[in-house]
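below: sequence and its predicted model.
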Amino acid sequence: MHTRRMDELEPDLIETQMHVLRPIDGGVDVLRQFSAEVLYHHESDVEAIGQVHGWIGWSISEVDLADAGDAISGDAEALGVAAVEIIDEYPDTFIDDALLIDRMWLDPKWRGRRLSGAIIDDLMGLLRLEPESTVVVLQPEPQDPDGGPYEDGGKRDEAMRRLHAAYRASGLKPWDDSVVWWRPF
């Protein structure tokens, strides 16, 4: 477990704790699963305000992220495919690492504070990933305040619009015509 305080936000109050798991897929060590919890410290209380889950790939220049993702799940495959497309689109940029974010959740009362970018920065700092050589991808899916994804319809559409606006404000952009978003180098 690693712990680091966020420098960009009230440094004494918010921190990220991360767990990186050993590979469990038959010895293939391309992507490692991670789980991170975002905590808020206030006086003597500690409140969990968010979570991030996904996969990290170090030294990925010679591996196929799409195949590695496919071996894990459909979500990981979609993120891996987008990462490969981004890497191929920027042949003059040396990309050595990948951060595939499967799930990012913030408690509803913490939403709208532009924390997504700061949380990604903190994760990258904890993992010692360089922004100019790391492909970062995620697939937005708004979560109902009562838990789980929204059902299709107006509420989901409005929640997706707000989530897209929050990700744009955090420096993320949609990748091509896909549902995947990425963080430009």
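Yep, it's here.

please name the nearest non-neighbouring residue to His156.
You called it His, but residue 156 is Arg. Nearest-residue entry for Arg156: Tyr150, 3.6 Å, with adjacent residues in sequence omitted and distances by Cβ to Cβ, 6 or more residues apart in numbering. C-beta: built from backbone N, CA, C; applies to glycine.

what about His53, distance to Glu132?
25 Å (Cβ to Cβ, to the nearest Å).

who has more neighbours, the two?
Neighbour count, other Cβ atoms under 10 Å: between His53 and Glu132, His53 has more, with 15 against 9.

quick one: what helix or strand has the more buried one in it?
Here His53, judged by DSSP states H and E, is contained in strand 45-57.

what lines up beside that strand in the sheet?
Paired neighbours of strand 45-57 in the sheet (DSSP bridges): strand 32-42 (antiparallel), strand 97-106 (antiparallel).

packing partners of the very next helix or strand once past the shortest one?
Downstream of strand 97-106, the first helix or strand assigned by DSSP H and E is helix 115-127. The criterion is 3 or more Cβ pairs under 8 Å, 6 or more residues apart in numbering; DSSP states H and E, and the helices and strands that helix 115-127 contacts are strand 2-5, strand 14-20, strand 32-42, strand 45-57, strand 97-106, strand 134-138, helix 154-169.

can you point out the buried residues in the fifth one?
Applying a neighbour-count criterion of 16 or more other Cβ atoms under 10 Å, one finds 97-102, 104-106 buried in strand 97-106.

the last one too?
Of the residues in helix 154-169, those buried under the neighbour-count criterion (16+ other Cβ under 10 Å) are 159, 163, 166-167.

and if you look at the fourth one?
Judged by neighbour count (16+ other Cβ under 10 Å), strand 45-57 contains these buried residues: 49-50, 52, 54-57.

hmm, back to that, ok, which of the strands paired with strand 45-57 comes nearest Ile119?
Taking Cβ to Cβ, strand 32-42 is the member of the strands paired with strand 45-57 nearest to Ile119, at 5.9 Å.

OK, contacts around the residue lying closest to Leu106 once chain neighbours are set aside?
In space, Leu106 comes closest to Gly50 once its chain neighbours are excluded; the distance is 4.1 Å by Cβ to Cβ, 6+ apart. Residues in contact with Gly50, defined by Cβ atoms under 8 Å, 6 or more residues apart in numbering, are 37-38, 104-107, 110, 115, 119.

what do you get if the cut-off is 6 Å, keeping everything else the same?
38, 105-106 (Cβ atoms under 6 Å, 6 or more residues apart in numbering).
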